[in-house]
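Engineer: mind looking at a prediction? Sequence and model below.
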Amino acid sequence: MPTSAPAPAPKNTKDAMKMARDDWKINESKMNVASVSKTKQNGAPVAPRWVPNKEKSSCTKCNCKFDWVKRRHHCRRCGEVFCGDCTNKKALLPANTAAKESDTKNPRRVCTDCYDSVESMQEQLAMQDSNAMRTNEIEDKNRYLNSPMRFTMGAEIRKAAYIIRNFHSGLEAKVDDTSLPLMLIRDACGLAILTVMKVGFVWTGRLGTGIVISRRGDGTWSPPNAIMMAGMGFGAQIGGEVTDIVVVLTSQAAVNAFSGKGQVSLGGELSVAVGPLGRSAEGALRAGDGGMSSCISYSHSKGFFAGVSIEGAVISQRPDINRNFYGTDKYTGEDLLRGNVPPAPAAKPLYDALRTLMESDPTNKERAGFLAAGHSQPQQQQQQGQQGNFVNQQQQQQQQQGAGGAGQQGGLVAI
């Protein structure tokens, strides 16, 4: 049998140490490869070695040199160091297979080779270990102070549940005409729930986050889709406020607009918020790449803000928040809002808050029980007819009130 040529003998001690070090690195690399392929020792999986940054001056895959532009990135599965182009994917990792201990419920950065090896199990891992499968608990002590910026879907769901509960049974709802109209919620095709912060003098900035849900064909609510609002305004205005907003989407066209890649809101705003409670009345035209939308906004404000302004805002989706929650980036906003994805167990606090809201109306108890039994809703045309009549009544009331309506604490305005 042919044999490989023996390695040349080292000339001195320095060469011998170098050869021993090279052999050690080769053997260690083989151990990493074996551990990634789930080789076991003594019945337990072998975790790959986490390679220190100082040991790598170039990408393990493409061999490009690292510098201040080409940064180092670790693959969370094999532990090797790569450039950003070779680790541009994220995936859920099975337990005890990562090179570094991490939360298995969040997708982690992996190299292209490791992604190919775990891609086939992503759907199963998402249904078992993703954040959408977690239990999400809420606490009453946190319901009256909602942050305009949240960075996880779980926090957005809790915030939305607090907002719905506050509109129904919170301190704001104890003021006359400040609770959500149950008829409008009952016939809504979808809801957008956000907390927005606005601050400035003459020039103002607006920023906030929230979620959108739609009503499915069987009367239940879809999984949430994360959104963000950002904008600027100009006018005779001063102050700062934090506003909880519920936007009722009264048609499927409005839901489709919120499922697009971006949405633009342009309009005029007249708002007054003094003390701990307040209300904004807005008139706006909202258009996105999903189409024109018809919606009604209802809001509670905390802070001091007064003035008349012309404002523009952009409402966009947050695919990174959706990916970390559902465990995959395959679900688009359209998939979520059209009911192509099963409802998320972690969204139960929001679903419970909406169910409680509907059951609080004596005229809706029979309907709520009917829908809870799994029956379908009435036909869409009948719903839209009821919605149109309701919106027309609201517009007529506003026209009769005229300028006097601007001084009220609250109101419903078609936008």
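Structural biologist: The structure has been received and is ready for your questions.
Engineer: give me the neighbour count for Asn63.
Structural biologist: 9 (other Cβ atoms under 10 Å). No exception for glycine: its C-beta is placed from N, CA and C like everyone else's.
Engineer: tell me the SS of it?
Structural biologist: coil (DSSP: H, G, I helix; E, B strand; the rest coil).
Engineer: check Ala347 too.
Structural biologist: helix.
Engineer: pLDDT score for Ser117?
Structural biologist: Residue-level confidence at Ser117 comes out at 91, pLDDT.
Engineer: look up phi and psi at Cys64.
Structural biologist: Main-chain torsions, Cys64, degrees, to the nearest 10: phi -70, psi 150.
Engineer: correction: Ile315
Structural biologist: Dihedral angles (degrees, to the nearest 10) for Ile315: phi -110, psi 120.
Engineer: quickly list what it is bridged to.
Structural biologist: Met229, Gln263 (DSSP bridges).
Engineer: what's the spacing between it and Thr209?
Structural biologist: The span separating Ile315 from Thr209 equals 10 Å under the rule Cβ to Cβ, to the nearest Å.
Engineer: what's the overlap in contacts for these two?
Structural biologist: 227-229 (Cβ atoms under 8 Å, 6 or more residues apart in numbering).
Engineer: ranges for the helices of the protein?
Structural biologist: 13-36, 112-118, 122-129, 153-169, 182-186, 252-258, 319-326, 333-337, 348-359, 365-372, 380-401 (DSSP state H).
Engineer: what pLDDT does Ala44 get?
Structural biologist: At Ala44, pLDDT is 54.
Engineer: please disregard the earlier target; I meant Lys38.
Structural biologist: 45.
Engineer: please shift the residue numbers so they start at 21 in all later answers.
Structural biologist: In the new count, where the first residue is 21, that last one comes out as Lys58.
Engineer: domains for the chain, by residue range?
Structural biologist: The chain is divided into the following domains under automatic domain parsing: 63-149, 161-392+430-434.
Engineer: by mean pLDDT, show me the worst of these.
Structural biologist: Minimum mean pLDDT among the domains of the chain: domain 161-392+430-434, a mean of 76.
Engineer: what residues sit buried inside stretch 232-240?
Structural biologist: 232-236, 239-240 (16 or more other Cβ atoms under 10 Å).
Engineer: identify the farthest-apart pair in the residues you listed.
Structural biologist: Distance extremes for the buried residues of stretch 232-240: the farthest pair is Val232 and Gly239 at 17.7 Å, using Cβ to Cβ.
Engineer: returning to that earlier point: closest one of the shared contacts of Ile335 and Thr229 to Lys81?
Structural biologist: Met248 (33.9 Å).
Engineer: near the closest residue to the closest one other than its chain neighbours, how many other residues are there?
Structural biologist: Of all residues not flanking Met248 in the chain, Thr229 sits nearest, at 5.0 Å (Cβ to Cβ, 6 or more residues apart in numbering). Residues near Thr229, counting by other Cβ under 10 Å, number 22.
Engineer: so who does Thr229 touch?
Structural biologist: 168-170, 176, 214-215, 246-249, 338.
Engineer: how about the contacts made by the nearest residue to Ser242 once chain neighbours are set aside?
Structural biologist: Nearest residue to Ser242, sequence neighbours excluded (Cβ to Cβ, 6+ apart): Ser234, at 4.6 Å. Residues in contact with Ser234 (Cβ under 8 Å, 6+ apart) are 209-210, 241-242, 269, 275, 357-359.
Engineer: let's see 6 Å
Structural biologist: By Cβ atoms under 6 Å, 6 or more residues apart in numbering, Ser234 lies in contact with 210, 242, 275, 357.
Engineer: for it, list each beta-bridge partner.
Structural biologist: Applying DSSP bridges, one finds that Ser234 bridges with Gly210.
Engineer: what separates it from Met203, distance-wise?
Structural biologist: 18 Å.
Engineer: again, but for Thr224
Structural biologist: 34 Å.
Engineer: more neighbours, those two?
Structural biologist: Set side by side, Thr224 and Met203 show more neighbours around Thr224, with 22 against 14, by other Cβ under 10 Å.
Engineer: so for the more buried one, what's the nearest residue that isn't a sequence neighbour?
Structural biologist: Gly253 (4.4 Å).
Engineer: since that was my last question, I'll sign off now.
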